[in-house]
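Enquirer: based on what follows, work out the 3D shape:
(2 chains)
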2 protein chains.
Amino acid sequence: MKVVALAGGVGGAKLADGLAHCLSPDELTIIVNSADDFEHFGLHISPDLDTVCYTLAGIANPQSGWGRIEESWVTLTELKRLEAPVWFQLGDRDLATHLERTRRLREGETLSQITAHFCRVWGVAHPILPMSDDPVRTWVLTEEGELPFQEYFVRYGFQPVVRDFQFRGAESAQPAPGVIEALSQADVIIFCPSNPFVSIDPILTITGVRKACLQHKVVAISPIVGGKALKGPAAKMFTELGIPPSPLAVAQHYAGLMNSLVLDTLDAQFELEIQQLGIQTLVTNTFMNSPLDRYNLAQAILMAIESGRL
Amino acid sequence: MKVVALAGGVGGAKLADGLAHCLSPDELTIIVNSADDFEHFGLHISPDLDTVCYTLAGIANPQSGWGRIEESWVTLTELKRLEAPVWFQLGDRDLATHLERTRRLREGETLSQITAHFCRVWGVAHPILPMSDDPVRTWVLTEEGELPFQEYFVRYGFQPVVRDFQFRGAESAQPAPGVIEALSQADVIIFCPSNPFVSIDPILTITGVRKACLQHKVVAISPIVGGKALKGPAAKMFTELGIPPSPLAVAQHYAGLMNSLVLDTLDAQFELEIQQLGIQTLVTNTFMNSPLDRYNLAQAILMAIESGRL
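Expert: Below is the predicted model of the structure:
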């Protein structure tokens, strides 16, 4: 079975890791949101790509889900002393990734070439592709004005009330090499349990991606469980946009694009209503607190797809 | 007495530190070469400014003379793992300086504003000015082609044979704020024992600096002792340009611009020949192996100036 997973940050990275333990590198391609990339201290930082790569490499911080395991903070401590803005946590190991990515970009390499190089060094065999090598930047339109995504997300702790989202540059951005090829050969496209608004939607804006989704089986995993997001602002965003956060809201968000939804046992009461939208469902434990949880969820999803249940 | 010291890297920083222990912040201004600045990993690095600032702040590595004391190398170790070029030693503490300088430059601050900010944070009271806020870049014309200074100096360990030097951008570079004011009020201008070709000469190319030197008493300290440079390629450069390295060669290099030369007791035999050029001399110990040495040399120079000996 050929699988393409669309992923954002921590939640997406965890399921992608589970899938990578079930499928060979020939069977799984991971396409990652790059619209949360930003420039900070002159460095090009790709938070979602880093989280997915670190997680699959087994070098992610297991507590936070982002950043590096066994990280140190010498540079950040000095930056504080220099009265620098330190709202974005730059660990010493993590910094090397940003420095070398920036250097290679300036040498003319593409984001996907650099990601492939990092994956080779880190021993990640499954292809991880940025959605695009061209700059796409998520802006969050809030009641307090428009904010670049990382400012909204990290600097202001996603407190401003959202009104809308823009993916600037998306119209002219080309899919990264391999993205359309992988999607066209996919037996199933999986929307990982990432934020629909700011992780999955930016990937869907890239030329050809939405069309590929319409032509293939799409299985989404609800990032909303028990009315909350397991991590991040997804539930808060639904609420601020006037929609009660639930797997049903996720199903409606992806309406027309998605064939099946995986929802948590805590949300079993939504199953019937979702099925009435013509969407197949799988109710299972979707919490991924351990590597085994990731594997079990991935395995449950893949078995449901193989058996025709999804 | 109002003193302006022109300085490059390690040797210049040490004498500047000695002078700072003899003179108040009102009495001493240090003007630093910024033509060895370069971009690396997207960061703006100012090696000579950093060396002078770290030294006066008491946070320089006392063994090497450059970089930070109690430094760690977590990021550099990761960069090696990523197969990044690691010929320029980026310590974790040092990196914070480059990151914050780069960030502030991108925010529109000038190199001199940023240097002043760093000095305030680090508790350095004496004014340290870059020669210019505009980009000037030293290129070394060698038998193996032309090289940006840091590549020649660090990457290739100053092994290529030099033919000439270029200070690109110098024609249009304006002196940094305070440079001409300090020079015009100086009772004496001191050329620290820095490399004449690549540390002091770039400062002299900045509009108004050479003219100010012609109008004031100038005292140079020979960076050549016993036919060798205490550090770096100064002696090698003299040799490759066909000039036997000696305090006499230094005196001739600065001919017409300099009134007095301080030379080491090891080179006392050159004193008469230098005096015959119309240059006053002071023969003393110029080795600066300890903070006390720095202070003693600075004190000896200042006393010789005050007594009219220099």
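Enquirer: just give the nearest non-adjacent residue to A:Ala298, would you?
Expert: Leaving aside its chain neighbours, A:Ala298 sits nearest to A:Gly18 (3.3 Å; criterion: CB to CB, 6 or more residues apart in numbering or on different chains). The way it works is simple: take the backbone N, C-alpha and C, and place the C-beta from them, glycine included.
Enquirer: can I assume the one you found sits in a helix?
Expert: Yes: checked against DSSP: H, G, I helix; E, B strand; the rest coil, A:Gly18 lies within a helix.
Enquirer: quick check: A:Gly18 vs A:Pro127, distance?
Expert: 17 Å (CB to CB, to the nearest Å).
Enquirer: more crowded one of these two?
Expert: Shown here are A:Gly18 and A:Pro127; by other CB atoms under 10 Å in any protein chain shown, A:Gly18 has more neighbours (25 against 18).
Enquirer: contacting residues around that one?
Expert: By CB atoms under 8 Å, 6 or more residues apart in numbering or on different chains, the residues touching A:Gly18 are A:Met288, A:Pro291, A:Asp293, A:Arg294, A:Tyr295, A:Asn296, A:Leu297, A:Ala298, A:Gln299.
Enquirer: and it, how close does it get to B:Lys231?
Expert: Applying CB to CB to A:Gly18 and B:Lys231 gives a distance of 56 Å.
Enquirer: same question, A:His40
Expert: A:His40 is 36 Å from B:Lys231, by CB to CB.
Enquirer: ditto for A:Gly227
Expert: Taking CB to CB, one finds A:Gly227 at 66 Å from B:Lys231.
Enquirer: which is the next helix or strand following the helix or strand of chain A with the lowest mean pLDDT?
Expert: Lowest on mean pLDDT, DSSP states H and E among the helices and strands of chain A sits strand A:228-229, with a mean of 89. Next helix or strand after strand A:228-229 toward the C-terminus (DSSP states H and E): helix A:234-240.
Enquirer: send me the following helix or strand past that next one as CSV with only the CA atoms.
Expert: Next helix or strand after helix A:234-240 toward the C-terminus (DSSP H and E): helix A:247-253. Extracted in CSV, the C-alpha atoms of helix A:247-253 (Å, rounded to 0.1, in the frame of the first residue of the first chain):
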residue,chain,number,x,y,z
PRO,A,247,-14.6,15.7,15.2
LEU,A,248,-17.8,16.8,13.4
ALA,A,249,-16.3,20.2,12.9
VAL,A,250,-13.2,18.7,11.5
ALA,A,251,-15.3,16.5,9.2
GLN,A,252,-17.1,19.6,8.0
HIS,A,253,-13.9,21.6,7.6
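Enquirer: just to revisit the earlier point, narrow the contacts of A:Gly18 to those in helices?
Expert: Among these, the residues falling in helices (DSSP state H) are A:Pro291, A:Asp293, A:Arg294, A:Tyr295, A:Asn296, A:Leu297, A:Ala298, A:Gln299.
Enquirer: all strands of chain A, in order?
Expert: Assigned by DSSP state E, the strands in chain A fall at A:3-7, A:28-32, A:38-40, A:43-45, A:128-130, A:137-142, A:145-148, A:162-168, A:188-191, A:217-221, A:224-225, A:228-229, A:260-264, A:280-284.
Enquirer: residues making contact with the longest one?
Expert: Under the contact criterion CB under 8 Å, 6+ apart, strand A:162-168 has outside partners A:35, A:136-143, A:146, A:152, A:197-198, A:201-202, A:205, A:233, A:236-237, A:240-241.
Enquirer: which parts of the stretch 101-250 of chain A sit against chain B?
Expert: A:Thr102, A:Arg103, A:Arg106, A:His117, A:Phe118, A:Val121 (CB under 8 Å from any CB of the partner chain).
Enquirer: just those now: which is nearest A:Gly308?
Expert: Distances from A:Gly308 to those, taken as CB to CB, are shortest for A:Phe118 (37.5 Å).
Enquirer: can I assume that closest one is in contact with A:Thr97?
Expert: Yes: judged on CB atoms under 8 Å, A:Phe118 makes contact with A:Thr97 at a distance of 6.9 Å.
Enquirer: which one is the residue of the stretch 201-310 of chain A found nearest chain B nearest to, not counting chain neighbours?
Expert: Evaluated by CB to the nearest CB, the stretch 201-310 of chain A has A:Pro291 as its residue closest to chain B, separated by 23.1 Å. Setting aside the residues directly before and after it, A:Pro291 is nearest to A:Asp17 in space (CB to CB, 6+ apart), at 7.2 Å.
Enquirer: can you pull the pLDDT of the one you found?
Expert: Note on A:Asp17: pLDDT of 98.
Enquirer: ok, it - contacts?
Expert: A:Thr55, A:Leu56, A:Pro291, A:Arg294.
Enquirer: the first one: neighbouring residues, count only.
Expert: The number of residues packed near A:Thr55 is 27, by other CB under 10 Å.
Enquirer: can you pick the most crowded of the contacts of A:Gly18?
Expert: A:Ala298 leads the contacts of A:Gly18 on contacts (other CB under 10 Å) with 26 neighbours.
Enquirer: relative to A:Leu19, how far out is that one?
Expert: From A:Ala298 across to A:Leu19, the span is 4 Å (CB to CB).
Enquirer: direction included, what does the least confident helix or strand of chain A pair up with?
Expert: In the sheet, strand A:228-229 lines up against strand A:224-225 (antiparallel) (DSSP bridges).
Enquirer: and the partner strand, average pLDDT?
Expert: Strand A:224-225 carries an average pLDDT of 97.
Enquirer: please apply the same query to stretch A:51-62.
Expert: Averaging pLDDT along stretch A:51-62 gives 97.
Enquirer: that one and chain B in contact?
Expert: No: contact between stretch A:51-62 and chain B is absent, the nearest approach being 10.1 Å (criterion: CB under 8 Å from any CB).
Enquirer: next, the buried residues of that stretch.
Expert: A:Thr51, A:Val52, A:Cys53, A:Tyr54, A:Thr55, A:Leu56, A:Ala57, A:Ile59, A:Ala60, A:Asn61 (16 or more other CB atoms under 10 Å in any protein chain shown).
Enquirer: any idea which of the strands of chain A gets closest to A:Glu83?
Expert: Checking those against A:Glu83 by CB to CB gives strand A:38-40 as the closest, at 15.8 Å.
Enquirer: give me the contacts around the closest one.
Expert: Strand A:38-40 has contacts (CB under 8 Å, 6+ apart) with A:Ile45, A:Pro47, A:Phe88, A:Leu90, A:His98, A:Arg137, A:Pro148, A:Phe149, A:Gln150, B:Arg103.
Enquirer: any idea of the pLDDT on the residue lying closest to A:Arg104 once chain neighbours are set aside?
Expert: Leaving aside its chain neighbours, A:Arg104 sits nearest to A:Ile114 (4.8 Å; criterion: CB to CB, 6+ apart). A:Ile114 carries a pLDDT value of 98.
Enquirer: A:Lys236 now?
Expert: Each residue has a pLDDT score; the one for A:Lys236 is 97.
Enquirer: picking up where we left off before, could I get the residues of the stretch 101-250 of chain A next to chain B as JSON lines with distance to A:Val219?
Expert: Shown next, in JSON lines, are these (distance: CB to CB, whole Å):
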{"residue": "A:Thr102", "distance to A:Val219": "36"}
{"residue": "A:Arg103", "distance to A:Val219": "38"}
{"residue": "A:Arg106", "distance to A:Val219": "39"}
{"residue": "A:His117", "distance to A:Val219": "31"}
{"residue": "A:Phe118", "distance to A:Val219": "28"}
{"residue": "A:Val121", "distance to A:Val219": "32"}
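Enquirer: out of those, name the ones that lie in helices.
Expert: Mapping those onto helices (DSSP H) picks out A:Thr102, A:Arg103, A:Arg106, A:His117, A:Phe118, A:Val121.
Enquirer: what sits against A:Thr77?
Expert: The neighbours of A:Thr77, taking CB under 8 Å, 6+ apart as the test, are B:Ala96.
Enquirer: brain fart, A:Val250
Expert: Applying CB under 8 Å, 6+ apart, one finds that A:Val250 lies in contact with A:Pro196, A:Ala220, A:Ser222, A:Pro223, A:Ile224, A:Leu261.
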